[in-house]
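# Show me how the following folds:
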Amino acid sequence: MPNTKSIRAELETYLAATTPALPPIAFGNLKFDQTLSANTTYVQAQFAPISRRAATRGPNPQYRHSGVFLLTVCTPEEIGVGAGQTLADQLLDRFRVDVPILGVDVNVTIEYSEPELGYQRPPFFCQPVRIGWYCYA
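Sure, this is the predicted structure:
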């Protein structure tokens, strides 16, 4: 039975296998040397499980797990938004609703993937991509 740990692992593994390769990825609660990235583009990955609700009733109910995988493309300031948007488009293409993520012990379905409003976070310009996911267990 999948849990949030296995769902997160599948999404992160799928992200890391993106081709062409992404710039460095800052995963949650792992060492990431931000100083090396002061002039380098990177992607920040944040996993947020939102709900675990019974999809069926009875003694062994099936659950629908859902949440958000927020990917933020951070590019150096003053180079324009194009580089970040190119990477955001690559992520949108990677996390499509018609391609299930078939994992070892959990299959994750993408419900939507959409860009969000970019913002300044000196010394970076950040372009978020919100990915809604769900799976059944």
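# so where's the protein shaky on pLDDT?
When residues are selected by pLDDT under 70, those of the chain lie in 1-2, 33-37.
# quick one, phi psi at residue 59?
The main-chain torsion angles of residue 59 are listed as degrees, to the nearest 10 and equal phi -70, psi -30.
# Please work out how many residues are found near it.
By other C-beta atoms under 10 Å, 4 other residues sit near residue 59. All C-beta spots, glycine's among them, are computed from the backbone N, C-alpha and C.
# quick one: contacts of stretch 108-128?
Under the criterion C-beta atoms under 8 Å, 6 or more residues apart in numbering, residues 7, 10-11, 14, 38-39, 44, 66, 70-77, 79, 81, 84-85, 87-88, 91-92, 95-97, 99-101, 129-135 lie in contact with stretch 108-128.
# Quick check: buried residues in that stretch?
Neighbour counts using 16 or more other C-beta atoms under 10 Å place 108, 110, 113, 115, 118, 124-128 of stretch 108-128 among the buried residues.
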